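# sequence and predicted model, in that order:
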Amino acid sequence: MTITRQEQAAGTRLRILDAAVEVLVDVGYAGASTLQIQQRAGLSRGGLLHQFGSRDELLVAAVDHLTTMHVAALTMPRVWPAEPGERIDAAVDAMWEQYRQPFFWASLELWFASRHNPEVARGLGPHERRLNGLVKRSVEAFFGPELASHVAFSDAVHLLLSSMRGVGVSYALQPSRDPGRDPHVRIWKDLARRLLLEGVEQPPKV
């Protein structure tokens, strides 16, 4: 099958984005040079610059690509517990899992860089607005329609996401810790249960 020029360009762009994310996670924003990215993507400098006009444009596009693809995939159907309390526990575990993924660390690098780099800040604005919508839909899918319709759902999710983001950052100082055994996990589950189970009919015990 013949590959069109458009398909070839799309494949090249994807290789560049994947390589940029890898470099950003491995060496951070300050160390993520276009030379390292082009070498990891297996391209010439001309091939890289043909796709992206600057390093910051490339890094923002790479994080946007990675997070959008990952978060959008979270809404895919999966088997969840039927009991509301167990569903909450499983949903919290699924949320916390996202703060242990490469896209979280890549995003952090750009968030911190945006404090002093207007180009990065401008590029991240549309990305963050679009991502917020994707995160909202994925979290609603985690909890299911009944829990997601609870009057306290928005507040609960906001508290969980903000806390998980802060705890996730702390792993930069202690990367050897086991996130699955983090004491905050039980706190998050208890908090979500208290907020979301009020008024929810519980199945009879057998």
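Noted; the coordinates are in hand. For clarity, every value in this text was computed on a predicted model and none was experimentally measured.

# what's the weakest-modelled helix or strand in this protein?
Using mean pLDDT, DSSP states H and E, the weakest-scoring helix or strand in the chain turns out to be helix 45-51, at a mean of 71.

# and that one, what does it pack onto?
Counting contacts by 3 or more Cβ pairs under 8 Å, 6 or more residues apart in numbering; DSSP states H and E, helix 45-51 packs against helix 5-31, helix 34-41. Glycine gets a C-beta too; all of them are placed from N, C-alpha and C.

# in the protein, which spans are helices?
5-31, 34-41, 45-51, 55-73, 84-97, 102-114, 118-148, 153-170, 184-196 (DSSP state H).

# that older thread, how about the helices and strands packed on helix 45-51 in a markdown table, adding mean neighbour count, mean pLDDT and distance to Glu146?
A markdown table is the format used below for those (neighbours: other Cβ atoms under 10 Å; pLDDT from 0 to 100; distance: least, Cβ to Cβ, whole Å):
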| stretch | mean neighbour count | mean pLDDT | distance to Glu146 |
| --- | --- | --- | --- |
| helix 5-31 | 16 | 86 | 36 |
| helix 34-41 | 18 | 88 | 45 |
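
# okay, the ones you listed in CSV with distance to Leu134 next?
Putting these into CSV (distance: least, Cβ to Cβ, whole Å) gives the following:
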stretch, distance to Leu134
helix 5-31, 17
helix 34-41, 25
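
# what separates the least confident helix or strand of the chain from the chain centre, distance-wise?
Its chain's average C-alpha position is 27 Å from that of helix 45-51, according to Cα atoms, centre = their mean, to the nearest Å.

# okay, buried residues for it please.
Residues of helix 45-51 classed as buried: Leu48, Gln51 (neighbour count, 16 or more other Cβ atoms under 10 Å).

# picking that back up, worst average pLDDT in the helices of the chain?
Lowest mean pLDDT within these: helix 45-51, a mean of 71.

# can you list the neighbours in contact with that one?
Ala9, Thr12, Arg13, Ile16, Thr34, Leu35, Ile37, Gln38, Ala41, Leu58 (Cβ atoms under 8 Å, 6 or more residues apart in numbering).

# for the fifth one, give its distance to Thr75.
With the distance defined as Cβ to Cβ, to the nearest Å, Thr34 ends up 34 Å from Thr75.

# what does the third one give?
Using Cβ to Cβ, one obtains 25 Å as the distance from Arg13 to Thr75.

# contacts only, for the nearest residue to Glu198 once chain neighbours are set aside.
Spatially, and ignoring its direct neighbours in sequence, Glu198 is nearest to Ala152 (7.3 Å; Cβ to Cβ, 6 or more residues apart in numbering). Contacts for Ala152 were tallied using Cβ under 8 Å, 6+ apart; they are Leu195, Leu196, Glu198.
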